[in-house]
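*Asks:* A predicted structure for the sequence below; I have some questions about it.
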Protein chains: 2
Amino acid sequence: MKRFGIIGFGRFGQLAARHLRDHFDVVVCDAHDPVEDAGRIGVRTGSLAEIAGCDTVMLAVPVQALEQMLAEIAPHVRPGALVVDVASVKMLPARWMAEALPESVDIVATHPLFGPQSARRGLEGQPLVICPVRGEAHHRVAEFGRTLGLKVSITTPEEHDREMAYVQALTHLIGRTLVNIRIPDEELKTDSYQHLLELCALIGDDSEELFFAIQNLNPFAQEITQQFIGQANGLLDRSLKAGNRSAPARN
Amino acid sequence: MKRFGIIGFGRFGQLAARHLRDHFDVVVCDAHDPVEDAGRIGVRTGSLAEIAGCDTVMLAVPVQALEQMLAEIAPHVRPGALVVDVASVKMLPARWMAEALPESVDIVATHPLFGPQSARRGLEGQPLVICPVRGEAHHRVAEFGRTLGLKVSITTPEEHDREMAYVQALTHLIGRTLVNIRIPDEELKTDSYQHLLELCALIGDDSEELFFAIQNLNPFAQEITQQFIGQANGLLDRSLKAGNRSAPARN
């Protein structure tokens, strides 16, 4: 059985281990001691050097820690190994991996567009984005993703980040804001409001680290989120002016 | 068959006529000539005076035109008649109706929390809010609503407007802004983003007049929408600062 190393054993690393343990000899490590969680999930722990030497190495650390981690594993990766990341942005990680890892290593940048919450009923139909970076291993990553039931898309890091400026940066800005102001589950509600409540349920457990990564490390994010805020302010301004015309004077 | 007059034959007036024509002798009028639409739906048109003299009078004009319309119909309403409005805010319309209409008329303020889009597959389970204003007719309005399959809630105009500051003012601000910036239906999308796309589909056809009414004529709306914008700006600020700490210097 091929050895599959997972570096970073947070929410996504643990989800990955659960789905990979039947297909690989999975070994995990984390900045925090992952022994208890690994035992519960049924995979073993190892040293960073051991995991970096696996046939496949998955980097599931926060994207903010990725560049430093690449420097640490680079001396240990084996020729012919495959290194994949799972970060929510793709242009920077793809460049970091290509620069840090030896030419003898295959590199595939991926973004699993799901987490423990959206995949709570299984992986079937969940989206996996694959960006080829070096070598031909993206073909077998895509094939394996499809055997897990994932909806696989192959694209470039730039196209990924452009789409994610809407799908993630804007969506998480709205969702996180709604979570923070604690919108109530009103008795009198509409289908429209129900969509906002469900958005809160889906992203409410995501980490602040992930939020910052989605906003800061996607070069297209800021333009879209600023456009949203600007348009919302403009709408409220126009609304106020219309109100001054049509609302009765005594209000 | 009792005569049911509908004043205002826009999106909601037409929806109401379709569902009421089997239960009442429905007569409609509008500021614009409604003859063609009425014929298509199978109800007849009448003068404002005739409609104001019906057993039940539904005011389905834009809320901005409601106070003026009440002044016009007040001389024509019959003792013992029932007048209902269907505006998206309730405190101001309830007060306007109580002030403008003779004591001999029963008054019920209602808010059907649905429209042609959300009720496209029928009325079953759609919410109807009822606020008693004068007399006991709210009991039979509630009963009739339930026979149509509606989920009926009885509350005060103030409690209604408090909840609608979230359910409508905030939801429509987000939805209308997303429609205006034309968020794309991306190939790479998540369940979270799908909720935003569905929100756009639900409210995309609503009129600007309705949007302004929801924002301006609900006394609690502005506080909630401003809280949302303020929190979103705060999140982006904190994000930017976190990014300056953790993103690599060369970006």
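*Replies:* The structure has been received and is ready for your questions. Numbers count the residues shown, from 1 in each chain, chains lettered A, B, ... in the order given.

*Asks:* now A:Ser88, what's its secondary structure?
*Replies:* coil (DSSP: H, G, I helix; E, B strand; the rest coil).

*Asks:* from A:Thr190, how far off is it?
*Replies:* For A:Ser88, the distance to A:Thr190 equals 31 Å [CB to CB, to the nearest Å]. To be clear about C-beta, it is placed using only N, CA and C from the backbone, and glycine gets the same treatment.

*Asks:* give me the more crowded residue out of the two.
*Replies:* In terms of neighbours (other CB atoms under 10 Å in any protein chain shown), A:Ser88 is the more surrounded of A:Ser88 and A:Thr190; the figures are 26 against 22.

*Asks:* OK, contacts around the residue most central in space within chain A?
*Replies:* Central residue of chain A (CA atoms, centre = their mean): A:Ser88, 3.5 Å from the mean position. A:Ser88 makes contacts with A:63, A:111, A:164, A:168, A:210, A:213-214, A:218, as judged by CB atoms under 8 Å, 6 or more residues apart in numbering or on different chains.

*Asks:* then A:Thr45?
*Replies:* Per CB under 8 Å, 6+ apart, neighbours of A:Thr45: A:27-29, A:34-35, A:38.

*Asks:* need the helices for chain A, in chain order.
*Replies:* With DSSP state H, the ranges of helices along chain A come out as A:11-20, A:35-41, A:48-52, A:66-73, A:91-100, A:138-147, A:157-164, A:171-180, A:191-203, A:208-216, A:221-246.

*Asks:* what's the local residue count around the residue of the stretch 1-150 of chain A found nearest chain B?
*Replies:* Residue nearest to chain B within the stretch 1-150 of chain A (CB to the nearest CB): A:Gln64, separated by 4.1 Å. A count of nearby residues for A:Gln64, using other CB under 10 Å, gives 20.

*Asks:* repeat for A:Ser104
*Replies:* 12.

*Asks:* show me which residues of the stretch 1-150 of chain A sit near chain B.
*Replies:* Neighbours of chain B within the stretch 1-150 of chain A, by CB under 8 Å from any CB of the partner chain: A:64, A:67, A:92, A:113-114, A:118, A:127, A:129.

*Asks:* mind redoing it with 10 Å?
*Replies:* A:62-68, A:91-92, A:96, A:111, A:113-115, A:117-119, A:125-129 (CB under 10 Å from any CB of the partner chain).

*Asks:* out of the helices of chain A, which comes closest to B:Phe144?
*Replies:* helix A:191-203 (22.7 Å; CB to CB).

*Asks:* and the closest one, what's buried?
*Replies:* A:191-200, A:202-203 (16 or more other CB atoms under 10 Å in any protein chain shown).

*Asks:* rewinding a little: now, of the contacts of A:Ser88, which are buried?
*Replies:* In the contacts of A:Ser88, the ones that pass as buried (16+ other CB under 10 Å) are A:63, A:111, A:164, A:168, A:210, A:213-214, A:218.

*Asks:* could you check the pLDDT of the residue of the stretch 1-150 of chain A closest to chain B?
*Replies:* We have a pLDDT of 91 for A:Gln64.

*Asks:* surely it touches A:Asn216?
*Replies:* Yes: counting by CB atoms under 10 Å, A:Gln64 touches A:Asn216, with 8.6 Å between them.

*Asks:* please state the offset of stretch A:179-188 from the chain centre?
*Replies:* Per CA atoms, centre = their mean, to the nearest Å, the displacement of stretch A:179-188 from the mean C-alpha position of its chain is 26 Å.

*Asks:* typo on my end, stretch A:47-66
*Replies:* Using CA atoms, centre = their mean, the offset of stretch A:47-66 from its chain centre is 16 Å.

*Asks:* what's the span of that stretch from first residue to last?
*Replies:* 17 Å (CA to CA, to the nearest Å).

*Asks:* so what's the closest residue to A:His32 other than its chain neighbours up against?
*Replies:* The spatial neighbour of A:His32 that comes closest, neighbours along the chain excluded (CB to CB, 6 or more residues apart in numbering or on different chains), is A:Phe9 at 7.8 Å. Residues near A:Phe9 by CB atoms under 10 Å, 6 or more residues apart in numbering or on different chains: A:16-17, A:28-35, A:37-38, A:41, A:43, A:45, A:60-61.

*Asks:* give me the buried subset of those residues.
*Replies:* A:16-17, A:28-30, A:34, A:37-38, A:41, A:43, A:45, A:60-61.

*Asks:* picking that back up, can you flag the weakest of the helices of chain A by average pLDDT?
*Replies:* Looking at the helices of chain A, the bottom one is helix A:221-246 with a mean of 88.

*Asks:* by contact count, what packs against that helix?
*Replies:* Other helices and strands packing on helix A:221-246, by 3 or more CB pairs under 10 Å, 6 or more residues apart in numbering or on different chains; DSSP states H and E, are helix A:157-164, helix A:171-180, helix A:208-216, helix B:171-180, helix B:208-216, helix B:221-246.

*Asks:* so which of these comes closest to B:Ala49?
*Replies:* helix B:208-216 (25.3 Å).

*Asks:* ok, the closest residue to A:Ile203 other than its chain neighbours - how many residues close by?
*Replies:* Excluding its sequence neighbours, the residue lying closest to A:Ile203 (CB to CB, 6+ apart) is A:Gly175, at 4.2 Å. Residues near A:Gly175, counting by other CB under 10 Å, number 24.

*Asks:* same deal with A:Arg120?
*Replies:* With other CB under 10 Å as criterion, A:Arg120 counts 9.

*Asks:* same question, A:Gly122
*Replies:* Neighbours around A:Gly122, by other CB under 10 Å: 10.

*Asks:* ok, A:Asp185 to chain B distance?
*Replies:* 10 Å (CB to the nearest CB, to the nearest Å).

*Asks:* export stretch A:225-242 to PDB, keeping only CA atoms.
*Replies:* Provided in PDB are the C-alpha atoms of stretch A:225-242 (Å, rounded to 0.1, in the frame of the first residue of the first chain):
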ATOM      1  CA  THR A 225     -15.500  42.700  -2.200                       C
ATOM      2  CA  GLN A 226     -15.000  46.500  -2.500                       C
ATOM      3  CA  GLN A 227     -17.400  46.500  -5.500                       C
ATOM      4  CA  PHE A 228     -20.000  44.800  -3.300                       C
ATOM      5  CA  ILE A 229     -19.600  47.200  -0.400                       C
ATOM      6  CA  GLY A 230     -19.600  50.200  -2.800                       C
ATOM      7  CA  GLN A 231     -22.800  49.100  -4.500                       C
ATOM      8  CA  ALA A 232     -24.600  48.300  -1.200                       C
ATOM      9  CA  ASN A 233     -23.700  51.800   0.100                       C
ATOM     10  CA  GLY A 234     -24.900  53.300  -3.200                       C
ATOM     11  CA  LEU A 235     -28.200  51.500  -3.000                       C
ATOM     12  CA  LEU A 236     -28.800  52.700   0.500                       C
ATOM     13  CA  ASP A 237     -28.000  56.200  -0.500                       C
ATOM     14  CA  ARG A 238     -30.400  56.100  -3.500                       C
ATOM     15  CA  SER A 239     -33.000  54.500  -1.200                       C
ATOM     16  CA  LEU A 240     -32.700  57.300   1.300                       C
ATOM     17  CA  LYS A 241     -33.100  59.900  -1.400                       C
ATOM     18  CA  ALA A 242     -36.200  58.200  -2.800                       C
END
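
*Asks:* now do the buried residues in it.
*Replies:* For stretch A:225-242, by 16+ other CB under 10 Å, it's A:225, A:227-228, A:231-232, A:235-236, A:239, A:242.

*Asks:* before we move on, what about stretch A:126-139?
*Replies:* So, applying 16+ other CB under 10 Å, buried residues of stretch A:126-139: A:126-135, A:137-138.

*Asks:* before I go, just wanted to say thanks for your time.
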